[in-house]
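>>> My questions are about this predicted structure, shown below with the sequence.
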Amino acid sequence: MKQLQRNKTRYGEAGLNIEERGFVKGQLMNESKRIGDHSSFLKALAEYIAAQLEERPFCVVFEDALKRGWPSNPMEPAKRNSEIRDFAKSRGWSATILEGVFGMRAIFQRLEPDDDGSP
């Protein structure tokens, strides 16, 4: 719990509400409006994922956050998935993208030294 509190304090300036299981549905969308532009949001998202990966082997990001960085409406699903994977790979992570009844989610993990990030 102390680690969680430290993360809330550390990343509070980035405009994110963080709780142990990840972004609370809806809160990231509201908080991200305070952050500013698209690149600021992606920077804040990257900081959040990095902090989560320091504490556990994976980080799940749900549709509400994904659509802020990669809108699903104007973008083809294959292009959107590719951009999410590129975002992850550029930071030394892999992204597994899953779609289900409750929408899309991306599971980010650190790349192993011999892992090229391909699904």
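Nice, thanks for sending it over. Numbers count the residues shown, from 1 in each chain.
>>> partner residues bridging residue 61?
Beta-bridge pairing of residue 61 under DSSP bridges involves residue 106.
>>> Against residue 50, how distant is it?
12 Å (Cβ to Cβ, to the nearest Å). Every residue, glycine included, has its C-beta placed from N, CA and C.
>>> higher neighbour count, those two?
residue 61 (24 against 16; other Cβ atoms under 10 Å).
>>> Residue 109 is in contact with that one, correct?
No: Residue 61 is beyond contact range of residue 109, at 11.9 Å (criterion: Cβ atoms under 8 Å).
>>> Quick one: the helices in the protein, in order.
For the chain, the helices defined by DSSP state H occupy 2-11, 27-35, 38-55, 63-69, 77-89.
>>> Mind telling me which of those helices the model trusts least?
Note on those: lowest mean pLDDT is at helix 2-11, with a mean of 43.
>>> Now for residue 53: which residues touch it?
Residue 53 makes contacts with 59, 93, 108, 109, 110, as judged by Cβ atoms under 8 Å, 6 or more residues apart in numbering.
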